[in-house]
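Asks: okay, here's the prediction I keep looking at, along with the sequence it came from:
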Amino acid sequence: GNANTCAANGVALAEECCELVGKALDIDAMDVLPASTGVIGQPMVIDPFARGIPAAAAKLAATVQGSTDAATAIMTTDTHKKEYAIQFELGGKMCTVGAIGKGSGMIAPNMATMLAFYTTDAAVSPVLLEKALKTVVPGTYNQMSVDLDTSTNDTLIIMASGLAGNPEICEENADYEAFVAALTAIAEHMCAEHAGDGEGATHLITCEVTHAPDLKTARAVSRSVVCSNLFKAAVFGRDANWGRILCAIGYTPGDFSIDKVCVWLSSAAGEVYVCENAAYHPYSEDEAAKVLAEHDVLVKVDMGTGEASAKAWGCDLTYDYVKINGDYRT
């Protein structure tokens with residue numbers, strides 16, 4: 001596919017596409033939100049869209065299969081579809097929030113380079129719907145990285161129909177907090193899906209930081225760990241080189257003492273305590289290798305200086321990442 005960016009006719013093409021979608025769905029073109037990812041700067045014409053939009057509109061279905069079809073259709077270098085939904089109660093009514101997304105490469109904090117589409121039948125005022133999304137994104141999508149390359153075409157959209165029939169959320173009350181919690185749970189799941197399916201990746205790396213002096217530092221430290229190419233390569237090689245974690249923490253801006261930092265490596269195979277107060281803690285290299293052999297690897301960092309916590313999601317750095325991106329246009 002092509003990313004509609006750095007194209008001389010890009011805005012006009014996007015507007016034409018919105019008109020075509022509006023006509024196909026019998027809605028106002030101003031209610032259509034365009035999104036695209038792919039090769040940057042490619043000349044594009046309207047013809048493929050004019051053919052494809054009516055065909056896609058004819059296949060729309062408000063079913064589980066319809067969601068799966070949409071999640072599959074937007075894949076690029078993804079190795080599997082990404083979709084998730086949860087149900088929860090608001091005002092005595094069962095509500096649903098669901099999401100589909102795509103993206104495996106050119107993923108970096110600042111919303112990451114991917115497409116994400118959230119829908120809910122909960123009744124939420126437009127103002128609080130926007131606020132809820134902006135509350136969730138900094139601690140989820142902005143905490144995800146595959147390769148430190150931020151895309152030109154990041155898009156995250158949320159739409160609410162209100163069909164669940166719950167009392168409309170118009171103030172920051174308990175229902176609003178429940179809605180934000182549901183959005184957060186889905187966003188964290190989707191971030192793990194994107195990062196774990198990073199181009200060429202063999203491991204999902206999650207970094208959980210606790211006891212940081214403030215939220216900004218907690219987020220920055222967790223991002224530094226999952227973004228470290230040296231540590232990403234170590235995970236690929238199943239090498240518990242915790243010094244690379246300490247290095248990444250050390251170059252992170254923030255008011256904290258590196259001498260209080262403790263680190264654990266954890267997975268379904270167990271947990272090893274590798275660093276205590278910024279120094280080596282005795283552990284078995286064989287046990288550490290077993291921990292790092294699992295697909296999902298968790299790095300636990302205790303800063304020892306406060307009460308703030310944060311997460312970040314990334315993946316290992318492999319030979320295949322270079323191959324995939326070396327051949328991206330060919």
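Replies: Cool, the structure landed. Numbers count the residues shown, from 1 in each chain.

Asks: can you pull out the helices in the stretch 1-150 of the chain?
Replies: All helices of the stretch 1-150 of the chain, identified by DSSP state H, counting those that start in this stretch, fall at 10-25, 47-58, 64-73, 126-136.

Asks: identify the residues contacting the last one?
Replies: By Cβ atoms under 8 Å, 6 or more residues apart in numbering, the surrounding residues in contact with helix 126-136 are 118, 124, 156, 158, 160, 169-172, 176, 179-180, 183-184, 187. C-beta here means a position set from N, CA and C on the backbone, and glycine is covered the same way.

Asks: export the helices of the stretch 1-150 of the chain to a markdown table and tack on distance to Ser267?
Replies: Compiled in a markdown table, the helices of the stretch 1-150 of the chain are given as follows (distance: least, Cβ to Cβ, whole Å):
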| stretch | distance to Ser267 |
| --- | --- |
| helix 10-25 | 44 |
| helix 47-58 | 40 |
| helix 64-73 | 27 |
| helix 126-136 | 27 |
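
Asks: can I get the ones you listed in TSV with distance to Ser151, mean pLDDT and mean neighbour count?
Replies: Below are the helices of the stretch 1-150 of the chain laid out as TSV (distance: least, Cβ to Cβ, whole Å; pLDDT from 0 to 100; neighbours: other Cβ atoms under 10 Å):
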stretch	distance to Ser151	mean pLDDT	mean neighbour count
helix 10-25	15	95	16
helix 47-58	21	94	12
helix 64-73	19	91	14
helix 126-136	18	97	16
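
Asks: for Asp78, which non-adjacent residue is closest in space?
Replies: The spatial neighbour of Asp78 that comes closest, neighbours along the chain excluded (Cβ to Cβ, 6 or more residues apart in numbering), is Ser104 at 4.9 Å.

Asks: shouldn't the one you found be in contact with Ile74?
Replies: No - contact criterion Cβ atoms under 8 Å: Ser104 and Ile74 do not qualify, at 11.8 Å.

Asks: what domains does the record give for this protein?
Replies: Split into domains by automatic domain parsing, the chain comes to 1-60, 61-199, 204-326.

Asks: tell me the spacing between Glu83 and Asn173.
Replies: From Glu83 over to Asn173 the distance is 29 Å, taken as Cβ to Cβ, to the nearest Å.

Asks: ditto for Glu19
Replies: Glu19 is 40 Å from Asn173, by Cβ to Cβ.

Asks: and for Ala233?
Replies: From Ala233 to Asn173 the distance is 47 Å (Cβ to Cβ).
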